[in-house]
Each structure stands twice: as structure tokens, then as C-alpha cells.
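In: Build me a model:
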Amino acid sequence: MSFTPLSSKQTSELTGQLIAQGTIVDPKSAKGRLLKAAARLFRDNGFERTTVRELAKEVGIQSGSLFHHYASKQEILRNVVEQTILLNTELMQLSISQNQTSQDKLQALILCELQSILIDTGNEMSVLVYEWRGLNEHNQAQILALRDKYEQLWLDILNQAYQEGLITLQPNILRRLLTGAISWSVNWYNPKGDLSLEELAQMTLSLALKGKNN
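Out: Below is the predicted model of the structure:
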């Protein structure tokens, strides 16, 4: 196996392309800083309990100025989760594309998801999981469609691995188990500790493949 992870340069270049295309906003811009602040507050306090005044205070502006960037708190929530899915889906697709085998592609997905949850977009991913129901019906439908595309990347690779005999669990069940394991790592993993993210991804992959020889 010759697994190839995304480099920081590749991640930065892809992020820059998505910003240039208008797919996501620049995190350093006023709108980007607002979304980052909103993600922190929505994660800590919940969407419903976070007020417009708190959002404005977090970024150091007047409440009325908030609507210069986004029309409503609902729109802020939609952008937080939408841009998170779009960014991470693109990163996953790029990582998959530079790996050849099913096993390496599965490791790529695991590492990408760990990176997004533990390092890059942890607040946003938490909001996506726990607060998306705060969206109205129309926005929920849009986000669910994007989430389905994200999940299909996983299922395509898991189905391929299943057909090749690399895994023995049903792909949809294994995906749920991996989701739980990866998500729970936020409660114990220390990015500054002795265990690297790459090593954690390899360990998680081993769990997925373990049943092959049982």
C-alpha cells in the first residue's frame, strides 16, 4: 500500500480555489469571521439560545450591522453548515483521487474526517450534527442533499472494499460505526499529544479491516 495524504499545500490551494469561486467565504474576511464566531456560539449554547446580540458582540459589531452580512440568524446557520459540507466534500474528493486502492481511499476518508472534526472545522461539524434541525424546511432539504453527497463518497468506497473482501461488515453499518468512533475522538484526542492524526487514522482503518481475518 502507498497511502498518500493531502499536504497542507494542497489543502490551502483547494481552499483558495473554493474562495475564488465563491463556493465558500474567506475565513479571514468579515463574513468568514462571523461564521466562525457563530459556529462557536451555536456549538456551546445551541442555535435557538444564541441571540443576535451575542453574535454581534462576539465579532465586535453592532447588532444591526450583522444583517449587512447575512439577512437573518437562520441564514447564518445555513451558511455555517453548508460551507462546512462543501469544503470537506471537496477535500475528501481530492484525497480520494490521489490514492489508488480501496484501502488507501478508505484511509483517506478517515484521515479527512478526523482532520475536519479535530483540527480544522470542529465547531462547524458539531453544529452540522447537532443543530441542523434549527434550519427551516427549505434549508434542511438543501443541507440534507449535500450531506447525502458527502455520505455517498463513504458508501462508494466502503462498497468497493466490501466487494473486494477487505471488510466483512455491511457498508452502511460500518459507516455508522466509523462515524461514532471518529466523532467520539473529539472527547479524548489531544492534537498536541504523542499520537499523530495520521497514526489515529491508521488505527481507525485497522478497526474497519479487522473483521477480514476473523
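In: does residue 202 really touch residue 108, like I thought?
Out: No: the pair residue 202 / residue 108 is not scored as a contact, 11.7 Å apart, by Cβ atoms under 8 Å. Every C-beta, even on glycine, is put in place using the N, C-alpha and C of the backbone.
In: Which of those two has more residues huddled nearby?
Out: Between residue 202 and residue 108, counted using other Cβ atoms under 10 Å, residue 108 has the larger neighbour count: 27 against 14.
In: pLDDT weak spots in this structure?
Out: 1, 210-214 (pLDDT under 70).
In: One more pass at 50, please.
Out: 212-214 (pLDDT under 50).
In: what's the single longest helix in it?
Out: Scanning the chain for the helix with the most residues, using DSSP state H, yields helix 137-163.
In: quick one: buried residues of that one?
Out: If you call a residue buried by 16 or more other Cβ atoms under 10 Å, then helix 137-163 has these buried ones: 139, 143, 146, 150, 153, 154, 157, 158, 159, 160, 161, 162.
In: Give me the neighbour count for the closest residue to residue 2 other than its chain neighbours.
Out: Distances taken as Cβ to Cβ, 6 or more residues apart in numbering place residue 104 nearest to residue 2, at 7.0 Å, with adjacent residues excluded. The local packing of residue 104 (other Cβ under 10 Å) involves 19 other residues.
In: Show me what counts as buried in the helix or strand where residue 104 lies.
Out: Applying DSSP states H and E as the criterion places residue 104 in helix 102-115. When burial is assessed from 16+ other Cβ under 10 Å, helix 102-115 yields the following buried residues: 102-115.
In: could you dump the buried residues of helix 137-163 to CSV with distance to residue 198?
Out: Formatted as CSV, the buried residues of helix 137-163 follow (distance: Cβ to Cβ, whole Å):
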residue, distance to residue 198
139, 36
143, 30
146, 27
150, 22
153, 20
154, 19
157, 18
158, 21
159, 25
160, 22
161, 20
162, 25
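In: quick one: which of those residues is nearest residue 80?
Out: residue 143 (10.2 Å; Cβ to Cβ).
In: contacting residues around the closest one?
Out: Shown in contact with residue 143 (Cβ atoms under 8 Å, 6 or more residues apart in numbering): 78, 81, 82, 85, 128, 132, 135.
In: Need the max-distance pair from the residues you listed.
Out: Maximum pairwise distance in those, criterion Cβ to Cβ, is 12.5 Å, between 85 and 135.
In: That'll do, ta.
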